[in-house]
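> sequence below, structure please.
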Amino acid sequence: MKPAAPSWPPDWLSEAKLHVAITQWGLGCYEHYLADGEEAWLAAAIAAGDHLLVQQTRGGRLTGGFVHDEPYPHTFHLPPPWLSGITQGQAASLFVRLHQETGEPPYAEAARLSLAPLARPTSEGGVQVLLDGLPVHEEYPTEPPSYVLNGGLFALFGLYDAGLGLSDAEALAAFEETAQAYAQSLHRWDLGYWSRYDLYPHPLVNVASSSYHHLHISQLDALARLSPLPQFPAMRERFRAYERSRRCRGRAFAGKVRFRLAVSRRRAAGDAE
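Below you'll find the model as predicted:
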């Protein structure tokens, strides 16, 4: 049985600015529309995009951003206001798709505007940091940088979608530069038995959960299709081999448990009692 198209707003949407959840919900609705052609799914994706249009900042050091005005609640010390590379990239991806379906210029404008924080350093209100001398993007713009892998790669996909879908040469050039940055530095997330969630200097290494490790594999598989750089399929196969190994899975689970005992999810790292 095919799922019924949802109505807007979804039940989980509250007054909180759940920007990344809204972008993912909208992209999911659009994928359903592509799968079965039901206009109700497209209408739901458009409703999500229209909601984000209202939320997008215009002007000032956070222009183009979807601003989080509360501290990040766990793992990282991150006071407001802050932007997230994953939200910026996925918003751009959604806006590009809506522009292609409707031809409406505001969606193309919003997609390009969503990429603006990807070109600004975190010190200037954006989400860009350097890794081994090349730019990447922060899901959580911490100091020192956290380099969360999945969030950075989702931001990268936003650059690709805008570059291809809007014929934006600048976005495509940024995609290629950032892809090179990840390709040359992927080994940093390789523990030799599993992937890391981030590169932040926690008390213990933040081993990726099984779901995030699988997500890393899926993202690398997508990048292997989008980029000719050989590091992406090579690391995809390494991570797949780890996932198939019972010993590696057990070691990763134990490492994740130790990390969560050391770094609580209930309070942002560095916050006072």
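> phi and psi next, for residue 215.
phi -60, psi -40 (degrees, to the nearest 10).
> could you pull up the residues touching the residue lying closest to it once chain neighbours are set aside?
Nearest residue to residue 215, sequence neighbours excluded (Cβ to Cβ, 6 or more residues apart in numbering): residue 150, at 5.4 Å. Every residue, glycine included, has its C-beta placed from N, CA and C. Remark: with contacts taken as Cβ atoms under 8 Å, 6 or more residues apart in numbering, residue 150 is in contact with 86, 139, 197, 212, 215-216, 219.
> in terms of helices and strands, where is the residue nearest to residue 207 when sequence neighbours are not counted?
Nearest in space to residue 207, with sequence neighbours left out and distances taken as Cβ to Cβ, 6+ apart, is residue 255 at 3.9 Å. In this structure, residue 255 sits in helix 246-262 according to DSSP states H and E.
> for residue 152, same thing?
Secondary structure from DSSP H and E places residue 152 in helix 149-165.
> tell me the buried residues in the next helix or strand after that helix?
Later in the chain than helix 149-165, the nearest helix or strand by DSSP H and E is helix 169-185. The neighbour-count check on helix 169-185 (16 or more other Cβ atoms under 10 Å) flags 171-172, 174-176, 178-179, 181-183, 185 as buried.
> does anything pack onto the helix or strand hosting residue 234? Which helices or strands?
Counting by DSSP H and E, the element that carries residue 234 is helix 231-244. If you count contacts as 3 or more Cβ pairs under 8 Å, 6 or more residues apart in numbering; DSSP states H and E, helix 231-244 packs onto helix 169-185, helix 210-226, helix 246-262.
> dump those helices to JSON lines, plus mean pLDDT and distance to residue 77.
Below are the helices and strands packed on helix 231-244 laid out as JSON lines (pLDDT from 0 to 100; distance: least, Cβ to Cβ, whole Å):
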{"stretch": "helix 169-185", "mean pLDDT": "98", "distance to residue 77": "24"}
{"stretch": "helix 210-226", "mean pLDDT": "98", "distance to residue 77": "21"}
{"stretch": "helix 246-262", "mean pLDDT": "97", "distance to residue 77": "15"}
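> mind giving me TSV with these and columns for distance to residue 25?
What follows is those, written out as TSV (distance: least, Cβ to Cβ, whole Å):
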stretch	distance to residue 25
helix 169-185	24
helix 210-226	17
helix 246-262	27
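> which residues does the residue nearest to residue 207 contact?
Counted by Cβ under 8 Å, 6+ apart, residue 255 has contacts 191, 194, 204-205, 207.
> would you list the buried entries among these?
Buried by 16+ other Cβ under 10 Å: 191, 194, 205, 207, out of these.
> which pair in these spans the largest distance?
The span of the buried ones among the contacts of residue 255, defined through Cβ to Cβ, is set by 194 and 205 at 9.7 Å.
> would you mind measuring from the residue nearest to residue 231 when sequence neighbours are not counted to residue 230?
Distances taken as Cβ to Cβ, 6+ apart place residue 183 nearest to residue 231, at 4.0 Å, with adjacent residues excluded. Look at residue 183 and residue 230: by Cβ to Cβ, to the nearest Å, they are 8 Å apart.
> for residue 167, same thing?
In terms of Cβ to Cβ, residue 167 sits 27 Å off from residue 230.
> and residue 148, by the same measure?
Following Cβ to Cβ, the distance that separates residue 148 from residue 230 is 24 Å.
> do the same with residue 36
Separation of residue 36 from residue 230 (Cβ to Cβ) stands at 37 Å.
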